[in-house]
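> Dropping a prediction and its sequence here:
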Amino acid sequence: MSRGRRKVSRFRRWRSGLGQHLRHFLSSLGELWRTPVTSLMTMLVLGFSLSLPTLLWVLANNAAKVESQWQSAAEVSLFLHEEIADGRLKTLLTQLRGMPELIEVTYHSPEEAMTEFRQHAQFGEALDYLDENPLPGVIRVLPSVRHADPVAAAALRDQLAQLPGVAMARLDLDWLTRLEALSATGRSAGAALAVLLLVAVVLISANTIRLSILQRFDEIKVMKLVGATEAFIRRPFLYGGFWLGLMSALLALVLVNVMLVWLDGAMAQLLSLYRSQFRLDGLDVRQGAAVMAASCALGWCGAWISVRRHLRAIEPQ
Amino acid sequence: MIRFEQVSKVYSGGRSALDNVDFHIAPGEMAFLTGHSGAGKSTLLKLITAIERPTMGKVLINGADVGSLSRRAVPFLRRDIGIIFQDHNLLMDRSVYDNVALPLLIEGFSNREIGKRVEAALDMVGLGDKLAYAPIHLSGGEQQRVGIARAVVARPPMLLADEPTGNLDPKLSMEILRLFETFNRAGTTVLIATHDLGLIARMRYRTLTLKQGRLLSCEPEVAA
């Protein structure tokens, strides 16, 4: 047996091993180039399958950004006792402004509330018949981001309600909870869809590599007969899967960016109606690199599945 | 080098291909293996190359027991055996050079070393000027010689040929056999399976004759 017998020194073996890898790495790219139409079709299918999860990811990132904007807008209204003394009010305001949980504290006097109420409500004249202003003073406070999620905000509201001079503290929690639930549902639906499509990517890559294995059936048989190890035979196919992944990731990134430009235009119009300055964020360099790395890994995975199943089956007869 | 100890091979389904075969081919020996088709020649060659495993008995190649060889060890066993096929088994979409270079690529030689060895091997079989040809554009005899070059390029200690002259005329057949003699004189163990009895008669080497899976005669070695 020749396992111990070396025809080549260890260093040269190692160096040529590296050379072999490089050769396989490049020749597997050339292999794709040999059948340009088929390869392009596969890459398109893979690219489309990848672009949807990528787009979902981008949209999820944007949704998170919007949500954080809206959530920090969750304000707590503190309705004060009618007979509150000026001194007490000042102390209360100072106390609130000193709380690290709050980023903004504004006081609206009963008079201001009345003026505002007159402007908005249709019964301005009816209000004139009132002997005195029935509206209480209100302090509006904005919790900081860390205290803006529904649970923390509710706790904060309960804490503020205990303060002397405060008759009632109100927080529009339902709205926040609903938004939270809605976005959670959206996220899991998106995640499920993304997982399905990523599995599809693996399967498509596996099938493509399976076809190229079958195409090179005779070659593999001969290689096994002249003493090629499984690793040696496997390598070009694994690199093939890697290349498929990389190419389709590039394609998906182009597709996603085109879609984003198109969506951004439509969104900007819609959001301008809500007086929002919101713009869609694309993928930054790191996220783009993550998409490419993930795609290469998926392509490689598919190739690996195929190679495992089919290379063993090819044995010289 | 090649030792069979009471080897039997029964294929699944019950067909018995080899029955209690016992022989030894010493290092540096050249021998013929003959018999009608179906006599078990192919099975015997498959056992040597670990394509099949013996049902009973022991096949020892270079001291390694084929029956208990692990999957991972099989390629390394095959690197010690240059195999020549009747149907050449060349890769038709590669050049002559690439075909011959394959065993060296697999063993991890450098490009320069591969170039030198491939040219030397092709020179030896008289195809030094056809490196860039596609095998499909060569004649049958030339294709066979490309197959031989591929088998010897890594300088294995053992050559195995399965009907190497199957499709060739007598003159070409003789040339091919002379080539094997050259390798044998350089110390390579050679085993040639053939049903061309006329060819064997002209050369005085040990002949193993198989009939229905049994070894009929194992003529004593005659010095060439």
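Looks like it came in fine.
> which SS class is the spatially most central residue of chain B?
For chain B, residue B:160 is the residue whose C-alpha lies nearest the centre (C-alpha atoms, centre = their mean; 1.5 Å). Under DSSP: H, G, I helix; E, B strand; the rest coil, the three-state class of residue B:160 is strand.
> which residues sit against stretch A:12-31?
Contacts to stretch A:12-31, defined as C-beta atoms under 8 Å, 6 or more residues apart in numbering or on different chains, come from residues A:6, A:8, A:212, A:232, A:235-237, A:239-240, A:242-243, B:105, B:108-111. In this view, the C-beta of every residue, glycine as well, is placed from N, C-alpha and C.
> nope, stretch A:138-153 is what I was after
A:68, A:71-80, A:92-93, A:96, A:100-108, A:113, A:155-156, A:160, A:166, A:171, A:173, A:176-177, A:180.
> Enumerate every residue touching the residue of the stretch 101-250 of chain A found nearest chain B.
Nearest to chain B in the stretch 101-250 of chain A, going by C-beta to the nearest C-beta, is residue A:227, at a distance of 3.7 Å. By C-beta under 8 Å, 6+ apart, the residues touching residue A:227 are B:75, B:76, B:77, B:78, B:79, B:103, B:106, B:107.
> what separates it from residue B:123, distance-wise?
23 Å (C-beta to C-beta, to the nearest Å).
> which of the contacts of stretch A:12-31 are buried?
Burial by neighbour count, 16 or more other C-beta atoms under 10 Å in any protein chain shown: within the contacts of stretch A:12-31 this picks out A:212, A:232, A:235, A:236, A:237, A:239, A:240, A:242, A:243, B:105, B:108, B:109.
> give me the element the fourth one is part of.
For residue A:236, the element it lies in under DSSP states H and E is helix A:230-272.
> what is the mean pLDDT for that helix?
For helix A:230-272, mean pLDDT is 89.
> So which bits of chain B are right by chain A?
Counting by C-beta under 8 Å from any C-beta of the partner chain, the residues of chain B close to chain A are B:49, B:51, B:62-64, B:71-73, B:75-80, B:83, B:89-91, B:102-103, B:105-111, B:150, B:154-155.
> Next step: these restricted to helices.
B:75, B:76, B:77, B:78, B:102, B:103, B:105, B:106, B:107, B:111, B:150 (DSSP state H).
> possible to save those as a markdown table with pLDDT?
Listed next are those as a markdown table, based on pLDDT from 0 to 100:
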| residue | pLDDT |
| --- | --- |
| B:75 | 93 |
| B:76 | 92 |
| B:77 | 93 |
| B:78 | 93 |
| B:102 | 93 |
| B:103 | 94 |
| B:105 | 89 |
| B:106 | 89 |
| B:107 | 88 |
| B:111 | 85 |
| B:150 | 95 |
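> ok, which pair from these is furthest apart?
B:77 and B:111 (26.4 Å; C-beta to C-beta).
> Just the C-alphas of the longest helix along chain B, formatted as PDB.
Ranked by residue count under DSSP H, the longest helix found in chain B is helix B:170-185. The C-alpha coordinates for helix B:170-185 follow below in PDB (Å, rounded to 0.1, in the frame of the first residue of the first chain):
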ATOM      1  CA  PRO B 170      -2.000  -8.600 -34.900                       C
ATOM      2  CA  LYS B 171       0.800  -6.200 -35.800                       C
ATOM      3  CA  LEU B 172      -0.500  -3.500 -33.500                       C
ATOM      4  CA  SER B 173      -1.200  -6.100 -30.800                       C
ATOM      5  CA  MET B 174       2.400  -7.200 -30.900                       C
ATOM      6  CA  GLU B 175       3.600  -3.600 -30.600                       C
ATOM      7  CA  ILE B 176       1.400  -3.100 -27.600                       C
ATOM      8  CA  LEU B 177       2.700  -6.200 -26.000                       C
ATOM      9  CA  ARG B 178       6.300  -5.200 -26.600                       C
ATOM     10  CA  LEU B 179       5.500  -2.000 -24.800                       C
ATOM     11  CA  PHE B 180       4.400  -4.000 -21.800                       C
ATOM     12  CA  GLU B 181       7.600  -6.000 -21.900                       C
ATOM     13  CA  THR B 182       9.500  -2.800 -21.800                       C
ATOM     14  CA  PHE B 183       7.700  -1.700 -18.600                       C
ATOM     15  CA  ASN B 184       8.200  -5.200 -17.100                       C
ATOM     16  CA  ARG B 185      11.900  -5.100 -17.800                       C
END
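> tell me the angle of it relative to strand B:158-162?
160 degrees (axes from the mean of the first three to the mean of the last three C-alpha atoms, to 10 degrees).
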